[in-house]
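Undergrad: predicted model and sequence follow; I will ask about them next.
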Amino acid sequence: MKTKQTIGYKPVSPCDKKLLEYIEETYLSSFPISERRDFELVKNLLVGNPAFKINALMKEEIYVGFITAWTFETFIYVEHFAIDEKARNGGIGAKALKQFMELCKLPIVLEVELPQDEFSKRRIGFYERLGFRLNHHSYKQPPYRPGGEWLDLLLMTYGNLDLNDQYEVVKDTIHDKVYGYNKKGRINILPFLLCISFFLFCPLSCRITNFKCVCFTKCLFDISNHTHFGFSVSFDRYCHKWLVFFFHT
């Protein structure tokens, strides 16, 4: 007699190095570059943004996939959901997402491609069978990288969330908190400007120790994560590289 196999969830911490390696491999192989950020930035979010979580999907203590999600005041946004290539075609995806939906105490929102081909239609059908509703408002996904193209997508929801009334709020929240675009579509470059100001106005005596480099970079990271604007994590990474170079010269 076969026992019922369940999918377990393991919250991922920055210290779970091996698990993050598995997730990175699935992440890079499952999503084109236009639909994902650099994985180093994913790890930075895990460290510095409490709204962002990674859940590893485990079957009998073996890694089979992951879900990344953002918890906001009125809904949870699922940014990426993928089953590892070696574990696909066994119904794991439906079981995993259904359990995730049962655990969530807020409505869930996710993005899907337009139903223009058989694959995208099947994907929408997959979510609809689990109880998601397709919303037909025109929605554009901001690019993950400066200079990238905006993608025409649609939103799907699960739970008590009516996008006919709350579409603008939900869209603006995702664009702002997740992709770093404010309502006018502008990128906030506050962390970058802070870094430049530091170079221009900080006295030479401040260049003495690595400790100050780390402290200042941490300050930038905290500011960028609390503003939630722009490609803040990207700027933090670049500022960090420049600061390390600056203090070692």
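TA: Done, it's in.

Undergrad: residue 116 falls within a strand, correct?
TA: No. With DSSP: H, G, I helix; E, B strand; the rest coil as the criterion, residue 116 is assigned coil and is not in a strand.

Undergrad: return the distance of the residue nearest the centre of the chain relative to residue 49.
TA: The residue lying closest to the centre of the chain (Cα atoms, centre = their mean) is residue 79, at 5.2 Å. Using Cβ to Cβ, to the nearest Å, residue 79 is found at 12 Å from residue 49. Backbone N, C-alpha and C define where each C-beta goes, glycine included.

Undergrad: right, and the helix or strand after the strand ranked longest in the chain?
TA: Scanning the chain for the longest strand, with DSSP state E as the assignment, gives strand 62-71. Remark: after strand 62-71, the chain's next helix or strand is strand 76-83, criterion DSSP states H and E.

Undergrad: tell me the angle that next one makes with strand 62-71.
TA: 160 degrees (axes from the mean of the first three to the mean of the last three Cα atoms, to 10 degrees).

Undergrad: strand 76-83 packs against which elements?
TA: If you count contacts as 3 or more Cβ pairs under 8 Å, 6 or more residues apart in numbering; DSSP states H and E, strand 76-83 packs onto helix 17-30, strand 62-71, helix 92-103, strand 108-113.

Undergrad: and this protein, what are its domain boundaries?
TA: Listed domain ranges for the chain are 8-178, 190-247 (source: automatic domain parsing).

Undergrad: a markdown table for the ones you listed, including mean pLDDT?
TA: Putting the domains of the chain into a markdown table (pLDDT from 0 to 100) gives the following:
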| stretch | mean pLDDT |
| --- | --- |
| domain 8-178 | 95 |
| domain 190-247 | 45 |
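
Undergrad: so which of the helices and strands packed on strand 76-83 is nearest residue 125?
TA: strand 108-113 (10.3 Å; Cβ to Cβ).

Undergrad: can you spell out which helices and strands pack onto the helix or strand following that closest one?
TA: Going down the chain from strand 108-113, the next helix or strand is helix 118-129, by DSSP H and E. If contacts are counted by 3+ Cβ pairs under 8 Å, 6+ apart, helix 118-129 sits against helix 92-103, strand 108-113, strand 133-134, strand 151-158.

Undergrad: in a markdown table: those, plus mean neighbour count.
TA: Shown next, in a markdown table, are those (neighbours: other Cβ atoms under 10 Å):
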| stretch | mean neighbour count |
| --- | --- |
| helix 92-103 | 17 |
| strand 108-113 | 21 |
| strand 133-134 | 14 |
| strand 151-158 | 19 |
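
Undergrad: can I get those in a markdown table including distance to residue 11?
TA: Formatted as a markdown table, those follow (distance: least, Cβ to Cβ, whole Å):
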| stretch | distance to residue 11 |
| --- | --- |
| helix 92-103 | 11 |
| strand 108-113 | 17 |
| strand 133-134 | 28 |
| strand 151-158 | 21 |
